Each structure stands twice: as C-alpha cells, then as structure tokens.
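Engineer: okay, predicted coordinates and the sequence, questions at the end:
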Amino acid sequence: MNYITPLSLIIGYIFILSLSLMVTIYIIRNRKNYGTSFMGLLIAATAFVIGVIHATLYILSVVFFISVQVNILFWKFSILAWFVSLIISSLLFSSFREYKKIKSFPYLFYTLLLGLLIGAILIPDSIMLNLSISLPSSIIFIDPSLINYFFSFNLGAIMIFFQVLVIYHYLYIAIIISMRSKKKDETLPVFLNAIILSIPIILNILYILFHQTLFKDFFIRELFIIVLWIADFGLSIMIIKKPELFFVLPNRIYSINIYHKSGILIYSYNFENQTDSKTESTIWGNILLGLNHILSEFLDKKDKIDVIQTKEADVVVKYEEDNGYAVIVITNRKNSIVEDLMKNFSNEFKVKYKDELNEILDINKIINVSEFSDLKDLIEKNFQLYL
Amino acid sequence: MIASIFISILAVNYIIGIIYLILNREKFEAEIGMIIFLVVYFVFEIIYFISFQLSTEIFFDIPISLIFWYVSIITRNFSIGMFASMHNLELNKKSKVRFLPALIYIFIGGIIFSILFVPNSFTVIIIGIDYYYIFNNTGLLLSINLFSFCIVFISWIIQIKGYHNFADKKLGNFYNIFYLLFSSHILFYNLFIIFPNIYLKIVYSVLYLISIGYFVNIVIQKPDLLAVFTNKIYDFIVFHKSGILLYSYNFETREEVDESLLKGSILIGISHILANLSNVESQVTHIKMKERAVVFNFNTELGYATLLIAKHRNKILEKCIDNFMDEFSSLNKDALQNLTGLVDVSMFINAKSLIKQYFRHFLTEK
C-alpha cells in the first residue's frame, strides 16, 4: 500500500489545523482591525470551519477507514462543513460591499440550497462508499486512492449548482465594488480573494463531475484539498500581516465637524484636502448651519437624529449628551465602519478634552474653540483608513 | 363529490373578492411588491387547495392522484411559508434578525423538497370513496410537522410581540383572529397527514375555507392593509423657503396646528436648509432618527417644501407626498409665487382636504 499520499495529507492537515487555530484566535482577539467586529468574526469563522472542521472531517473520511457507515457520515459532514464555509465566506464578500447592510436575497437562496443539500444528504444511499480493497475488520490507515465516494445525481447536481452560484456571487461582488470604488487599485485584493477562493471551488465541481469517470485517477479530490489548504495558508498569512487587504472602503468621508450643544462649531476637518478648516465648502455651508439649529433643538430630546440623507451624502450624527457635544461626519454613505470610527474617536476626544468640555457644559460660558485646535492628530489617527 | 363542494366554495370566495377589488380598485393603494406577493400567495393557495382535494378523489388513477398530492405538499409549504415570512418581516421591521424566521422556513422547506422525491415515500390506500396517503418516509413527515410547528410558533411570538406595531389596531385584531384560524387549519392538516381519515379531512377543509374567506374579508374591509400595516405618520408640515410655516397637520390628533411640533431653533434650522433650495444637489431628503423618520421634499420652482414625520419612510409615503405636492402646487401656484410681505397663511387651508385625500390610508383607527 502507498503511504506517501496519506502521510503527506496528515502532515498537511496537522500544519493547516495548527495554523487555522492560531489564526482564528488571533482574529478574534484583534477583530477590530478587520473593519468591523462582525467582519472579524466572519473571517475567524471561515478560517475555523475550513482549517479545523472541514479539514478534520476530510482526513477522517479519506485517510482512515473506520467502517462504511462512519466514513460516509464523516464524508457527509465534511460536505456540510464545506458548504457552510462557502456561505460564511460569501457573507464576508457581501459585507465588503455594504458593511452589515447585507443583501438578503442571495442568502435566502443559499439557505434554500443548504436545506436542499441537507435533505439530499439525509436520503439513504445518497453517498455510496467504494473501497478498492477487501473490507478491513478494524480501523486502518489507508491510501486515499483506494477509498472513493459516489454521489447520487440529485446530491451532485445540488452541490454543483450551489458552488457555481457561490463563484458567480464572489465575482459579481468584486465587480460591483470595483465599479463603485473611486480608487480602482484598492479593489484589487477583493478580486484576488475572489479568484483565489474560486480555484478550489472549481476543482470541487470538477471532482463531482468526474468522480465516476476515468478522470478520478487524476486525483482531483486530493488536488482540491491541497489547493484549498495552500489558498487557506496564503490567505491566513495575509490576514495576519495585512488585515487592510481584506476590506475595501466603498465610501468616502468628506468632513468631520464637532458641535457644542449650543450649536457652536468646535472643530472642523476636511478630508478632501486634509486641513483643519473652519470654512466649510459652499455646498455644505447652509446645510450645516441649518443642521446646527436643528441639533440644538433635538440634543436634549429622547429621539435623536441618526443620519441626515441628502441627494449626495449622508450626514451621520453621534451625540454625547453627558459631555454636551455632537460629532458629525459627512460621508457619501453611512456604514458601520464609519460609526465604529466615530465612536472610538469620540471616546478618545472625551478623555483628552475632559477638562475643557466640563468647563463649557454651562452654555452661558464663553467657548474658546482654539483650545481644540490640536484635534487634527486625533482625527488623523482615528480616521487614517479614510485619509 | 366532497371535493367539488369545497372547490366551489373556494371559487365563490375568490370570485367575490376579485369582483370587489376590481369595482373598488381606487380605494386600494399598494407597493408593487405587496401586490405581487398577494397575487402569488393566492395563486399558490388556489393550486394547493384544488390539488389537495383532487388528490383524494378516486375518480383519478393512483399515479395522477399522487401527482396532485405532491403538488399539494409543495404549494402548501410554499404558500404558508411565504405568508408567514411576509407577516413576520413586516411586524419585525426593526429587528436585527428580521430575516431569521424566513431563513428558518426556507431551510426546512428545502429539506422537505429534497426528501419529498425519495421513491416510495407514500402508500396510497382507499377508504370509502377517497384515497389517503400513508407516509413511509418518517423524515418527510417529521420535517413537514416541524415546518408547520415553526410557522405557527414563530408567527404567534411575532404577532404578540409586534401587536403594538400595527398602525391600525383594528387591523391588528383582524390578524389575531386570522392567525387563530391559520394555526387551527395548520394543526388539523398535520393531524390529517398523521392520522388520515375523512373527519379530519372535512374539519381541516372547513377551517381552511373559513380562514381564506376571512383573509379575503380583511383585504376588502381594510384597504389600508396594503399600504399602512405598521407605518404611521405623526406630522405633516408645509414651509415656504423664507421659513414661514404655511400649513401643519397632526395625524395623531387629526387637527391642524398653528405651530408644528418642531419649534424655535429647528424652524430657523429648516429655513437655513430651505434657503439652499437653489442648490439641488445638496438638498436634504431624509432625516433618520432612532424612532422615526423625517422626509423632506422640495419644490424649487415655487419655493416651498414639505416635511413629513413618520415611523419609517417607504415608497407609498413618497408617492403620497408627490401627489400632494403636485396638487398643492397647482392649487396655490399664484399664491406661492406672490408670497411677499405680510403673509396670510389661511389661504393654504386647502391643504387639509388634500391630506385627507392623499393620506387617507394613514388616517386609520388608533
């Protein structure tokens, strides 16, 4: 019996398992570095499902023979893990596009396909095991080429259709992001991710298509797992080293303004020319002045303005009632990254200017806005993604 | 025989509903998505009920009856899943997991669909003058029951929790009764597929017809069902670009108000924004608040704007505002163009009848 292939797979498995566990823990601990916590958790879940769950079930079903029923069970669970990882990764791609505002339709469709897949898997004889040696009496370490699984037509068709849709979805999102982004070079990593993740999916489709033909001798199944693990390894390194490559910013911030509750503008920063300018552009001048008055009316009320939409931009508002000010970010589209950055910035601002803000809590006090003139560094630190 | 009676009652029910809708179509105003949803829902219900009734008729051969039986299972799961998803989504609009019920239904629906085509899933037996179907596939029977249980259980939780979200409480009460009937016929359907017999079939069919008839009755009695559901308008305000309040109407008190709820500096603020009317590009269109939405609409030609405070913005509301503004502009064109000096806002009192005309669906019972 040839032991080189199973041994190589076991070594590869141990390596990818350790790497995936480390990457998962690292991402969870540093999830804020990945745009939003939600995106961090999605990346961690993808790494865990592919590198730990799927890899383990795959190895247990093709490198070891336990019994026909148990091996088929492991193989069925490995298929499920693979499709769950595909759904999570496509959720990740969707969140690149809108952040949290994920379009529901593709996922309603994926859920239907997952239901169909589970239904097909539950049918007896949907997967048959073909062992090329006589049935062993105990657990053995086996050459993967001797253990083959055959899919029923329904199951195979659902799996192929599901994966074709996922590839289409990856590429569609990558194209949409590229079309909407002003800086085309920033969207290149999304394209690369889409292509890298599509290669093992294509190999899996080829495996399902040809698993009952002579082409199965080309080890497409083993090639699939090797390519998947190589892609997983490459992406894991990139995730750790360059987290910013895993998200693009489909939106822009035009400016940040901080208003005292009396309506006085404390500070204004323009992102277009990166200056701390008190003079707003003529486009925003009147709007901001009006907004200023509206805010002074709403600030002490329970129902707060969340966002003001104009034909060209979203004016995102964050109130700090206890400290008597509001941060306003003018962006082309509100998303959770902007909200998270505003929250972090506001927290640091409160701490840094605690005394000054306490002093001007009384609206009858004169506000010396020059005390806040060194806010530029704090803004550039917190909003560096948008600079 | 029994099947033809039930099918005839269903047909009469729908024909009355359709004739009423055609004759009173001007009363109904709905988003195209809602209309498509209702049409698809009713079509599936019709296909389901007819195929269910025909599947038990020994008039047909067993293979044909089995086809009817398969069609009835697929269409039933589709229609009740679709109805429950839509109801749950509408009442759960603010929830972060508002799509979760729909995902659960679709997921179990997918499993049912896959298992349904396992060969020999049913044994057809003849009792009296009817065919009955015994489930050989326990997985299929379990998944259909699980599907029904999830729909009833989740929908009741959402209906009870979301009752306060109904803009029209009478509509909310209608839905309570409808869900009682809906749950009952689902319960009897499940009892029927577990213990197939003529009595359960008749009880189930009668309950089904009552619930469908009741739903058609809701559509007829509450035309706002298609437009309002959970949305609510609080205030509608018309401003001139100079900041003068031309007209203000409070939907909660159903009265005109001299001063809107937005007072003092907010009026100054709005006037600043309105002063920017010439800059079409930067017009404010919408202010989202935690609990409500403020929708701005501008008429740059006549120099006025409307401000509507509602629970949430949607296309029906926008259409109502557009219709109002078109009519308001044509009625008050001269007055608006010559608005200088001391302004007599009483000339804009005609806005009240326009509000009653275009926002009638939102003037519902509290």
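Structural biologist: Yep, that arrived. Numbers count the residues shown, from 1 in each chain, chains lettered A, B, ... in the order given.

Engineer: quick one: neighbours of A:Tyr319, just the number.
Structural biologist: A:Tyr319: 21 surrounding residues under other CB atoms under 10 Å in any protein chain shown. (Glycine included, C-beta is placed from N, CA and C.)

Engineer: ah, wrong one, I meant A:Ser268
Structural biologist: A:Ser268: 21 neighbours (other CB under 10 Å).

Engineer: just list what the strand or helix carrying it packs against, helices and strands only.
Structural biologist: Per DSSP states H and E, A:Ser268 falls inside strand A:265-270. Using 3 or more CB pairs under 8 Å, 6 or more residues apart in numbering or on different chains; DSSP states H and E as the contact criterion, the elements in contact with strand A:265-270 are strand A:253-260, helix A:375-382.

Engineer: show me what secondary structure element comes after the helix or strand of chain A with the lowest mean pLDDT.
Structural biologist: Lowest by mean pLDDT, DSSP states H and E among the helices and strands of chain A is helix A:282-298, with a mean of 54. Under the assignment DSSP H and E, the closest C-terminal helix or strand after helix A:282-298 is strand A:305-310.

Engineer: what score does A:Lys302 have for pLDDT?
Structural biologist: We have a pLDDT of 54 for A:Lys302.

Engineer: where do the strands sit along the chain?
Structural biologist: No chain specified, so I'll use chain A. For chain A, applying DSSP state E gives strands covering A:64-65, A:127-131, A:140-141, A:147-151, A:253-260, A:265-270, A:305-310, A:314-320, A:325-331.

Engineer: correction: the question concerned chain B.
Structural biologist: Using DSSP E, strands in chain B cover B:122-127, B:130-135, B:233-240, B:245-250, B:255-256, B:284-289, B:293-299, B:304-310.

Engineer: would you reformat the ones you listed as TSV and include mean pLDDT and distance to B:Leu54?
Structural biologist: Conversion of those to TSV gives the following (pLDDT from 0 to 100; distance: least, CB to CB, whole Å):
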stretch	mean pLDDT	distance to B:Leu54
strand B:122-127	89	14
strand B:130-135	91	10
strand B:233-240	81	47
strand B:245-250	82	54
strand B:255-256	72	57
strand B:284-289	70	51
strand B:293-299	80	49
strand B:304-310	83	47
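
Engineer: out of the ones you listed, which comes closest to B:Gly172?
Structural biologist: strand B:233-240 (17.4 Å; CB to CB).

Engineer: so A:Ser262 touches A:Ile367, yeah?
Structural biologist: Yes - between A:Ser262 and A:Ile367 a contact is recorded at 7.4 Å, counting by CB atoms under 8 Å.

Engineer: apart from its neighbours in sequence, what residue is nearest B:Phe192?
Structural biologist: Spatial nearest neighbour of B:Phe192, excluding adjacent residues (CB to CB, 6 or more residues apart in numbering or on different chains): B:Leu200 at 4.2 Å.

Engineer: any idea how far that neighbour is from chain A?
Structural biologist: According to CB to the nearest CB, to the nearest Å, B:Leu200 stands 27 Å off from chain A.

Engineer: what of B:Ile18?
Structural biologist: 30 Å.

Engineer: okay, now that residue: neighbour count?
Structural biologist: Counted with other CB under 10 Å, B:Ile18 comes out at 12.

Engineer: my guess is A:Val62 contacts A:Ile147. True?
Structural biologist: Yes - counting by CB under 8 Å, A:Val62 touches A:Ile147, with 5.7 Å between them.

Engineer: show me which of those two is the more surrounded one.
Structural biologist: When neighbours are counted by other CB under 10 Å, A:Val62 and A:Ile147 differ, and A:Val62 comes out ahead with 26 against 20.

Engineer: contact partners for the more buried one?
Structural biologist: By CB atoms under 8 Å, 6 or more residues apart in numbering or on different chains, the residues touching A:Val62 are A:Leu9, A:Trp75, A:Ile142, A:Pro144, A:Ile147, A:Arg221.
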